[in-house]
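A.B. asks: 3D model of this:
(one chain, ligands or ions: 1)
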Amino acid sequence: NFIASDIPAILKHVRKIYLIENNETVVLTASSVKIYNAERREVHREVFNVTWDADAAEKEGYDHFMLKEIHEQPKGIRNTITRRMDEEGNIVLDGIRMTKEEIENFNKVYIVACGTAYHAGLIGKTVIEKLAGISVEVDVASEFRYRDPFVDENTLFIAISQSGETADTLAALRLARSKGCPVIGLCNVLGSSIAREADATMYTWAGPEISVATTKAYSTQLAACYLLATEFARVRGTLADGQYEHLVTELEALPEKIEKTLADKERIQWFASKYANAKDAFFIGRGLDYAVALEGSLKFKEISYIHSEAFAAGEMKHGPISLVENGTLVVGILTQPDLFEKSVSNMVEVKSRGAFLMGLTTYGNYSIEDTAGFTVYVPKTD
Ligand code: BG6
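C.D. replies: You can find the predicted model right below:
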């Protein structure tokens, strides 16, 4: 018998797991496990059988877990989406038993999370508002839990959490439930606290994520948000004719588009090596690209230990531009067609201050080469 803080730590040895609740005490011997609650009464706990294969928690030849998990994104996205499509190509939000009336009656959605999961929430806000026509608030859990939020039984509360154990997010979920909100947990770990305390759970089938800096969980969180937004929009009747089928087709095409982006990795690594000793790096974007810029900047600082910040592209000129010196790296993210020209002009502004520009845009926008010194192209998607 073993005690561990997380399942992958003991996956090589055991498959039968007891999930321990708060304030419980365990008496564990070589031959028995007894669980007691706060009143010292023995409690019966169902055994949780882990279905992951043991090597899912191993590096499988990659230098480190983060690199492996970056490459597992196509599979994670495929699992997250295809498990929720029926034979007729309709989205089935398994685990979320909400009636048509409930989905029609929400007048607001509140997405609460921490770190990268918060950045996924920002994308979720944009797509749920745009497709389903519901107002969405997004908040970091450590702020939400200490303000008196305007939520009630007509507010759908979505907690996004890879581990399903982040204390601030769990506390925010409990606060929302105390105010009568229906709660959806968007988690990656089966049986985690947030998954257990939510009214309904939508799992991101990314597989165990060992790296502290999340990658595949983030991209599968985005896929889950797209599925939610598309299905809510269908129920609420806010989609144009044929738009639902179009969006479903786009979702199913995502894995191979990610494969194509990963295939460009040597070229991206070549460029990155030129900036290994940079002092600062700035990420700018508009709309969805601003949410992506925030995530790009977070990854940049937490992995390379180089100072980085993200700004809404239109805000750079109102102050932060004073930090741009000769050769400062500025990454412009321009994947949204209607905002492309505006973002290019923001990049020209910082270039005039000496910035070295990297562009991140979709194939076809080759005019970016007149402005950016290096560009990464990704496949177009809706
Ligand atoms: C941070 C992690 O500690 O917690 C981030 O480094 C993560 O990668 C954040 O996004 C939130 O964690 P979780 O498990 O609630 O998504």
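A.B. asks: number of nearby residues for the closest residue to the ligand within the stretch 201-350 of the chain?
C.D. replies: Using Cβ to the nearest ligand atom, T214 is the residue of the stretch 201-350 of the chain that sits closest to the ligand, at 3.7 Å. The C-beta positions use only the backbone N, C-alpha and C, and glycine is treated the same way. T214 has 25 neighbours, counted by other Cβ atoms under 10 Å.
A.B. asks: over to the residue nearest to it when sequence neighbours are not counted. Which of the three states is it?
C.D. replies: Closest residue to T214 apart from its sequence neighbours, by Cβ to Cβ, 6 or more residues apart in numbering: T116 at 4.9 Å. Under DSSP: H, G, I helix; E, B strand; the rest coil, T116 falls in the helix class.
A.B. asks: these two touch, right, T116 and L298?
C.D. replies: Yes. If you go by Cβ atoms under 8 Å, T116 and L298 touch, sitting 6.3 Å apart.
A.B. asks: got the contact list for the residue most central in space within the chain?
C.D. replies: What sits nearest the mean C-alpha location of the chain, by Cα atoms, centre = their mean, is Y218, with 2.9 Å. Listed by Cβ atoms under 8 Å, 6 or more residues apart in numbering, the contact set of Y218 reads 116-117, 119-120, 162, 295.
A.B. asks: same thing with S142?
C.D. replies: Counting by Cβ under 8 Å, 6+ apart, S142 has contacts 114, 168.
A.B. asks: any idea how far it is from the ligand?
C.D. replies: 11 Å (Cβ to the nearest ligand atom, to the nearest Å).
A.B. asks: cool, and D53?
C.D. replies: Distance from D53 to the ligand, by Cβ to the nearest ligand atom: 22 Å.
A.B. asks: tell me the mean pLDDT over stretch 300-313?
C.D. replies: For stretch 300-313, mean pLDDT rounds to 96.
A.B. asks: list the buried ones in that stretch?
C.D. replies: Neighbour-count burial for stretch 300-313, with 16 or more other Cβ atoms under 10 Å as criterion, is recorded at 300, 308-313.
A.B. asks: on that earlier part again, quick check, pLDDT for the residue nearest to the centre of the chain.
C.D. replies: For Y218, pLDDT reads 98.
A.B. asks: helix or strand: which one has it?
C.D. replies: helix 216-236 (DSSP states H and E).
A.B. asks: packing partners of the helix or strand just after that helix?
C.D. replies: For helix 216-236, the following helix or strand on the C-terminal side (DSSP H and E) is helix 243-252. For helix 243-252, the packing partners by 3 or more Cβ pairs under 8 Å, 6 or more residues apart in numbering; DSSP states H and E come out as helix 73-82, helix 216-236.
A.B. asks: neighbouring contacts of the first one?
C.D. replies: Looking back up the chat, that one is helix 73-82. So helix 73-82 is contacted by 203-207, 215-217, 219-220, 223-224, 227, 251-252, 254-256, 258-259, 262 (Cβ under 8 Å, 6+ apart).
A.B. asks: pull out the buried residues from the residues you listed.
C.D. replies: Counted by 16+ other Cβ under 10 Å, the contacts of helix 73-82 give 203-207, 215-217, 219-220, 223-224, 227, 251, 254-255, 258 as buried.
A.B. asks: by mean pLDDT, flag the weakest helix or strand of the chain.
C.D. replies: strand 48-49 (a mean of 88; mean pLDDT, DSSP states H and E).
A.B. asks: quick check, pLDDT for the residue lying closest to V235 once chain neighbours are set aside.
C.D. replies: Excluding the flanking residues, the one nearest V235 by Cβ to Cβ, 6+ apart is I103, at 4.5 Å. Model confidence at I103, expressed as pLDDT, equals 90.
A.B. asks: what's the helix or strand for I103?
C.D. replies: helix 100-105.
A.B. asks: which helices and strands does that helix pack with?
C.D. replies: helix 216-236.
A.B. asks: number of nearby residues for the closest residue to Y118 other than its chain neighbours?
C.D. replies: Distances taken as Cβ to Cβ, 6+ apart put V140 closest to Y118, at 5.2 Å, once the chain neighbours are dropped. Residues lying near V140 (other Cβ under 10 Å) number 17.
A.B. asks: am I right that V140 is in contact with A117?
C.D. replies: No. The criterion here is Cβ under 8 Å, and V140 misses it with A117 at 9.5 Å.
A.B. asks: next, A312: phi, psi?
C.D. replies: Backbone torsions for A312, taken as degrees, to the nearest 10, come to phi -60, psi 130.
A.B. asks: wait, it touches L288, no?
C.D. replies: No. The pair A312 / L288 is not scored as a contact, 11.7 Å apart, by Cβ under 8 Å.
A.B. asks: L122: what's it in contact with?
C.D. replies: Counting by Cβ under 8 Å, 6+ apart, L122 has contacts 138, 290-291, 294.
A.B. asks: just flag the most distant two among those residues.
C.D. replies: V138 and Y290 (12.5 Å; Cβ to Cβ).
A.B. asks: so how far is the helix or strand hosting K125 off the chain centroid?
C.D. replies: Counting by DSSP H and E, the element that carries K125 is helix 115-132. Offset of helix 115-132 from its chain centre (Cα atoms, centre = their mean, to the nearest Å): 9 Å.
A.B. asks: how about that helix: buried residues?
C.D. replies: 115-128, 131-132.
A.B. asks: state the mean pLDDT of it.
C.D. replies: Mean predicted lDDT for helix 115-132 stands at 97.
A.B. asks: could you point out which element follows that helix?
C.D. replies: Helix 115-132 is succeeded, C-terminally, by strand 135-140 (DSSP H and E).
A.B. asks: is any part of the host helix or strand of I160 close to the ligand?
C.D. replies: Using DSSP H and E, I160 sits within strand 155-161. Yes. Among the residues of strand 155-161, S161 lie within reach of the ligand under Cβ under 6 Å from any ligand atom.
A.B. asks: identify the residues contacting the following helix or strand past that strand?
C.D. replies: Note on strand 155-161: by DSSP H and E, the next helix or strand toward the C-terminus is helix 167-178. With contacts defined as Cβ under 8 Å, 6+ apart, helix 167-178 is touched by 110, 112-114, 117, 139-142, 144-145, 149, 151, 155, 157, 159-161, 183, 185, 193-194, 197-199.
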